[in-house]
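Student: Predicted structure and sequence below. I'll ask about it afterward.
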Amino acid sequence: MGAPTIIDVAAAAGVSVRTVSRVINRSPKVGARTRDTVEQAIAGLGFAPSARAQALASGRSHLIGVIQGDENTQVLGPVQRGIVEACSGSGYELVVRPAQAADADLVRQLSDFARRSRVDGLVVLSPVSEVEGLAEALERLGVPAVALASRPLAGYRAMLWTDDARATAALGEHLAMHGHRRIAMIAGPAARASAQERASGFRDGLAANHLTLDPALVVESDYTFAGGLAAAAQLLDRAQRPTAIFACNDLMAAGVLKAAEQRGLSVPADLSVAGFDGGDVAALVTPALTTVRRPMRLIARRATQALLANIGQTAAQPQQTLIPLEIIHGESTGPASA
């Protein structure tokens, strides 16, 4: 004998299939007595509603899309854990869609993805969240979207942002107060908002201590370990090397530590090193990094909660939430060497 069907439930309860469907989908159009009768029939038969059928009946897919364009696993790992935690018990599953922010037709690609996948909403990570026109395109499709970024963005139902510039300003002041004057920076990709905010804030922190970042001591890189290693080599092989290097993320800062080791430099006695992210890398390297901690797991969890609250709702006043950052004082920074 096969598994019981919705037709069997309707026959056992003495109601129509449509009434059973309404009970399964929590419709308010069913009276309490009829609901009780149908629920008893469901329990008695051991009927398990089809998730696909429920989705079709409710007009929802019970899928959440995650749009990611950052290949840094130190960021993606905590983000995905936070999203899964927020979805736990909600009945929602995740669909992950990689994307390249530089693609000329990315707005069309992601609009097509939203239509094909029938996701009920999207969490959009940076740098994709910064793509011009994306928020508006998703809103026209009726797909609620929540963004993560390093500065406020317009057009999303909700967004969570971190004030990267303020945090790196504090890092700049920290290095200046330790007596550093030959300070270098390994910047992130110039097109990314996070790189712009971190570099701008760091310069402001130095300026507050009457210091100017020498353009010759600024190297742009790509947020990878290899990129940080190569950039640090350029800086440390100078005739007059810097006494401190700020790398705009922890992976690049780890590359700086490797470059210092290769040259027999002691950190922080010969060279102070600071990073940004505050993930596992900062604690695993030796010495442990002084860095800015971004609580990506918390940010992703709160973003997903905001998205779930927006599903099925009409567009309201956009919510913008600032997530505070903190400096973790590790062992990689100290007083300036002579």
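Tutor: Arrived safely, thanks for sending. Just so it is clear, the structure is predicted and the values come from calculations on it, not from any experiment.

Student: What is the burial count for I24?
Tutor: 20 (other Cβ atoms under 10 Å). For the C-beta atoms, the positions are set from N, CA and C on the backbone; glycine is no exception.

Student: can you check S200 too?
Tutor: 14.

Student: what's the helix or strand for it?
Tutor: helix 193-207 (DSSP states H and E).

Student: List the buried residues in that helix.
Tutor: 193-199, 201-206 (16 or more other Cβ atoms under 10 Å).

Student: Work out the sheet partners of the next helix-or-strand element following it and label each with its direction, please.
Tutor: The helix or strand immediately downstream of helix 193-207 is strand 218-220, counting by DSSP H and E. Strand 218-220 sits in its sheet next to strand 183-187 (parallel), going by DSSP bridges.

Student: Quick one: work out the angle between the partner strand and helix 193-207.
Tutor: 170 degrees (axes from the mean of the first three to the mean of the last three Cα atoms, to 10 degrees).

Student: Show me what strand 183-187 is in contact with.
Tutor: 172, 175-176, 195, 198-199, 202, 206, 211, 213-214, 217-221, 227-228, 231-232, 235, 242-248, 252-253, 256 (Cβ atoms under 8 Å, 6 or more residues apart in numbering).

Student: For PyMOL, write the select line for the buried members of these.
Tutor: With 16+ other Cβ under 10 Å as the criterion, this PyMOL line picks the buried residues out of these:
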select buried, resi 172+175+176+195+198+199+202+206+211+213+217+218+219+221+227+228+231+232+235+242+243+244+245+246+247+248+252+253+256
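
Student: just for this protein, where's the confidence low?
Tutor: 1, 49-60, 315-316, 338 (pLDDT under 70).

Student: the helices in it, which residues?
Tutor: 6-13, 17-24, 32-45, 51-58, 73-87, 106-117, 134-140, 164-177, 193-207, 225-236, 250-262, 280-284, 296-310 (DSSP state H).

Student: Of these, give the one that comes closest to Y156.
Tutor: Among the helices of the chain, the nearest to Y156 by Cβ to Cβ is helix 134-140 (4.9 Å).

Student: in the closest one, what's buried?
Tutor: 134-135, 137-138.

Student: Also stretch 97-117?
Tutor: 97, 99, 101, 106-107, 110-111, 113-114.

Student: Distance of A283 relative to E139?
Tutor: 40 Å (Cβ to Cβ, to the nearest Å).

Student: do the same with G46
Tutor: Plainly put, G46 is 43 Å away from E139 if you go by Cβ to Cβ.

Student: re earlier: could the helices of the chain be laid out in JSON lines, adding distance to Q319?
Tutor: Formatted as JSON lines, the helices of the chain follow (distance: least, Cβ to Cβ, whole Å):
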{"stretch": "helix 6-13", "distance to Q319": "39"}
{"stretch": "helix 17-24", "distance to Q319": "32"}
{"stretch": "helix 32-45", "distance to Q319": "35"}
{"stretch": "helix 51-58", "distance to Q319": "25"}
{"stretch": "helix 73-87", "distance to Q319": "15"}
{"stretch": "helix 106-117", "distance to Q319": "21"}
{"stretch": "helix 134-140", "distance to Q319": "13"}
{"stretch": "helix 164-177", "distance to Q319": "20"}
{"stretch": "helix 193-207", "distance to Q319": "19"}
{"stretch": "helix 225-236", "distance to Q319": "35"}
{"stretch": "helix 250-262", "distance to Q319": "29"}
{"stretch": "helix 280-284", "distance to Q319": "30"}
{"stretch": "helix 296-310", "distance to Q319": "6"}
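
Student: The ones you listed: which one's closest to I67?
Tutor: The nearest among the helices of the chain, by Cβ to Cβ, is helix 106-117 at 6.4 Å.

Student: The closest one packs against which elements?
Tutor: Applying 3 or more Cβ pairs under 8 Å, 6 or more residues apart in numbering; DSSP states H and E, one finds that helix 106-117 contacts strand 63-68, strand 93-98, helix 134-140.

Student: All set now, cheers.
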